[in-house]
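Asks: Sequence plus the predicted model coming up.
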Amino acid sequence: MASQSVLTPQSQDFPRWYQDVVAKAEMADNGPVRGTMVIRPYGYAIWELMQQEMDRRIKDTGAKNAYFPLFIPESYFSKEAEHVEGFSPELAVVTHAGGEDLTEPIVVRPTSETVIGEFMAKWIQSYRDLPLLLNQWVNVVRWEMRPRLFLRSSEFLWQEGHTAHASYDDASAYARRIHNEVYNDFMLNVLACPCYLGIKPPSERFPGAINSMTGEAVMRDGKALQMMTTHELGRNFARAFDIFYQSEEGQAELCYTTSWGASTRMVGGLIMVHGDDNGLKVPPAVAPIQAVVIPVRDESDVLEAADRVAADLRSAGVRVEVDRGRGSFGRRVTDWEIKGVPVRVEVGPRDLAQGLVTIVRRDTGEKATVGLGALTKDVPLLLERIQTDLLASAVAHRDERTQDVTSVAEALDAAKDGFARLAWDLVAGEGEAELNTQAVTVRCLQRQDGSMPESEDEGGLICLVAKSY
RNA sequence: CGGGCUGUAGCGCAGCUUGGUAGCGCGCUUCGUUCGGGACGAAGAGGUCCCGGGUUCAAAUCCCGGCAGCCCGACCA
């Protein structure tokens, strides 16, 4: 039997590896328009589980879901100077509709601060209306120069939260709560993707924000991927859209607003953090299929046993599927490995004769034989262990790929295959420009202890720099 | 927008130099044998050779003009 690689070429050529996995795991295809993406049912099932987990956390902070229009009058964008400048190059604009040229072009939303700002101004009258905490799950369009499936597509799905507050402190505290209790908690406990949390340097800030917080994950090849972002918008958008409230003292006051988002990019991040040359490794928390039962022979007693095993696991709360494919054993196993199903249960006559089945972990390849009666206890436990082990190995990989350095030159060297951590004072200004010449960017600023600074003015900050997707 | 490259079956490609019946691998369909780590045999289906024009008895192949896509930089969730 000739050995043959599932995925070629391998990790040396990472984007190509990535495309192969996405295609073979039946996650997504390129859409008919350059940069758009078709998400296939398996990829969407992962996204749905992510949505559920994140939506629950968002609602726990008191935010409510709503919906705002896809089409935004172009004039809304010009109301905030930095915002329009930042987004103009990547807007898709409708100029023609109903068989006529439009008098005012319509922008397909790249993000919804502007429309939502317009409505916040109408909805907020009194301090009693605050905080106003809104979220929406929608598609947005950004005409990027180099699209890549999941990581940066022209159209993508996301959650965008928009809130208005009476004070800077309240806005700031809420933004930090979202960043920690929603985003970081989700990344650690659901996606098992540890992120460096920090603030963006001014050069990388969201257009119109006074502060942008980020979570930067370390991909398998050492490059960075921004997994989510939370912006403090100060009073910039409130001023542009007249979002006032009447205070207890009867004064008209401008609101402080925030916005925060996380997108289908997380699916791509998941693949590139946990995947290997055999395909995906999907953490059990977001695995549409947590265990696949494979009858090793197409014989009725084996098939029946497989069905019983699946029924038992299902009743134990495991998302399970029986593989009734006709291919050879090896083919079927490989196909499930590519899809990253965390646990494989092999049901065959030799084991069955002794009342046993074989269970195999996708993440380590480790095999064990267990009694039929123990499965409903062992598989859920194993799924929990895989979830925590995936996080542990991602943390270890992140740390291996991060070097402490003491100069921009050393940082450039370290950024060839990972992150570099150094004093922000060494980088700010000319150092950042020098890094940029080698496609290395400042991913985030942190305090010495790794915690989130109030702002870049704090002094004594460190920065993490890397190449990014 | 700079610098490289490619358009031929669903996917990956050969054929083009030197014009002459549209090919290969994978995948797909049917039947049979298989099935504890990527099986095998037999038979089949599938084409606007990117588009337009030119040269020629004859163009995937030569000439001219378009268009599209990919990779490396600047943008970005």
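Replies: Cool, got the structure.
Asks: Name the residues of the stretch 51-200 of chain A found near RNA strand B, please.
Replies: A:86, A:89-90, A:142, A:144-148, A:151-154, A:156, A:158 (CB under 7 Å from any atom of the strand). Where C-beta positions appear, they are placed from N, C-alpha and C, glycine not excepted.
Asks: Can you tell me which of those residues end up in helices?
Replies: The members of these that map onto helices under DSSP state H are A:G86.
Asks: What is the most widely separated pair among the residues of the stretch 51-200 of chain A next to RNA strand B?
Replies: A:G86 and A:R148 (20.9 Å; CB to CB).
Asks: Among the residues of the stretch 51-200 of chain A next to RNA strand B, find me the one that's closest to A:E53.
Replies: A:W158 (14.7 Å).
Asks: Then A:D101 would be within a strand, right?
Replies: Yes: counting by DSSP: H, G, I helix; E, B strand; the rest coil, A:D101 is found in a strand.
Asks: buried residues in the host helix or strand of A:R332?
Replies: According to DSSP states H and E, A:R332 maps onto helix A:329-339. By 16 or more other CB atoms under 10 Å, the buried positions in helix A:329-339 come out as A:R332, A:V333, A:T334, A:D335, A:W336, A:E337, A:I338, A:K339.
Asks: Identify the residues contacting the fifth one.
Replies: Contact criterion CB atoms under 8 Å, 6 or more residues apart in numbering gives A:V292, A:I294, A:D323, A:R344, A:R362 as the residues in contact with A:W336.
Asks: One more pass at 7 Å, please.
Replies: A:V292, A:D323, A:R344 (CB atoms under 7 Å, 6 or more residues apart in numbering).
Asks: Out of the residues of the stretch 51-200 of chain A next to RNA strand B, grab the one that's most surrounded.
Replies: A:S153 (26 neighbours; other CB atoms under 10 Å).
Asks: pretty sure that residue is touching A:P147, no?
Replies: Yes: checked against CB atoms under 7 Å, the pair A:S153 and A:P147 is within contact range at 5.2 Å.
Asks: Need the overlap of contacts for the two.
Replies: A:G35.
Asks: number of nearby residues for A:D55?
Replies: Neighbours of A:D55 (other CB under 10 Å): 16.
Asks: Per-residue pLDDT of it, please?
Replies: Looking at A:D55, its pLDDT stands at 98.
Asks: show me where pLDDT drops low in chain A?
Replies: Within chain A, the set of residues satisfying pLDDT under 70 comprises A:1-14.
Asks: what element comes up after the helix of greatest length in it heading to the C-terminus?
Replies: In terms of residue count, the longest helix belonging to chain A (DSSP H) is helix A:375-400. Next helix or strand after helix A:375-400 toward the C-terminus (DSSP H and E): strand A:402-404.
Asks: what comes up buried for stretch A:199-219?
Replies: Applying 16+ other CB under 10 Å to stretch A:199-219 flags A:199-202, A:204-219 as buried.
Asks: Farthest from the middle of chain A: give me that residue.
Replies: A:A353 (45.3 Å; CA atoms, centre = their mean).
Asks: Flag every residue of the stretch 201-350 of chain A that's near RNA strand B.
Replies: A:204, A:206, A:214, A:226-229, A:261, A:263-265, A:278, A:296-298, A:326-331, A:333-335, A:337-338, A:344, A:346-350.
Asks: Return the subset of those lying in helices.
Replies: Using DSSP H, those in helices are A:R265, A:F329, A:G330, A:R331, A:V333, A:T334, A:D335, A:E337, A:I338, A:P349, A:R350.
Asks: and the last one, how many neighbours?
Replies: Here the neighbour count serves as a burial measure; for A:R350 (other CB under 10 Å) it reads 10.
Asks: distance of it from A:R332?
Replies: 18 Å (CB to CB, to the nearest Å).
Asks: And for the first one?
Replies: When CB to CB is the yardstick, A:R265 and A:R332 sit 31 Å from each other.
Asks: Once you drop chain neighbours, what's closest to the residue of the stretch 101-250 of chain A at minimum distance from RNA strand B?
Replies: Using CB to the nearest atom of the strand, the closest approach of the stretch 101-250 of chain A to RNA strand B is made by A:Q226 at 3.1 Å. Closest residue to A:Q226 apart from its sequence neighbours, by CB to CB, 6 or more residues apart in numbering: A:T214 at 5.4 Å.
Asks: how distant is stretch A:455-469 from the center of its chain?
Replies: Mean-position distance between stretch A:455-469 and its chain equals 21 Å (CA atoms, centre = their mean, to the nearest Å).
Asks: I misspoke; the intended subject was stretch A:260-280.
Replies: Counting by CA atoms, centre = their mean, stretch A:260-280 comes out at 7 Å from the chain centroid.
Asks: likewise stretch A:249-260?
Replies: Using CA atoms, centre = their mean, the offset of stretch A:249-260 from its chain centre is 30 Å.
Asks: Also stretch A:199-213?
Replies: Distance, centroid of stretch A:199-213 to centroid of chain: 19 Å (CA atoms, centre = their mean).
Asks: end to end, how far does that stretch reach?
Replies: End-to-end span of stretch A:199-213 (CA to CA, to the nearest Å): 4 Å.
Asks: swap in stretch A:403-413?
Replies: 10 Å.
Asks: Buried residues, it. List them.
Replies: A:Q403, A:V405, A:V408, A:A411, A:L412.
Asks: Count the residues that sit near the closest residue to the first one other than its chain neighbours.
Replies: Of all residues not flanking A:Q403 in the chain, A:A414 sits nearest, at 4.3 Å (CB to CB, 6+ apart). By other CB under 10 Å, 22 other residues sit near A:A414.
Asks: mind listing what A:V273 touches?
Replies: A:C193, A:A217, A:M219, A:R220, A:A394.
Asks: Which strand or helix spans A:P110?
Replies: Per DSSP H and E, there is no helix or strand for A:P110.
Asks: Now it: closest residue in space that isn't a chain neighbour?
Replies: A:R142 (4.7 Å).
Asks: Check A:R40 too.
Replies: A:E26 (5.1 Å).
Asks: how much space is there between that neighbour and A:V38?
Replies: With CB to CB as the criterion, A:E26 and A:V38 are 11 Å apart.
Asks: rewinding a little: give the bridge partners for the residue nearest to A:Q226, please.
Replies: A:G198, A:T229 (DSSP bridges).
Asks: and what of A:V465?
Replies: A:A420, A:V442.
Asks: need the contact list for the residue nearest to A:P110.
Replies: A:E90, A:P110, A:S154.
Asks: again, but for A:L391
Replies: A:L188, A:A192, A:P194.
Asks: Pull up the gap between the nearest residue to the last one once chain neighbours are set aside and A:D298, please.
Replies: With CB to CB, 6+ apart as the measure, A:V395 is the residue that lies nearest to A:P194, at 4.9 Å, once sequence neighbours are left out. Using CB to CB, we find A:V395 at a distance of 42 Å from A:D298.
Asks: Counting neighbours, go ahead and name the busier of the two.
Replies: A:V395 (15 against 10).
Asks: so A:G161 sits in a helix?
Replies: No: using three-state DSSP, the assignment for A:G161 is strand, not a helix.
Asks: tally of neighbours for it?
Replies: A:G161 is flanked by 24 other residues according to other CB under 10 Å.
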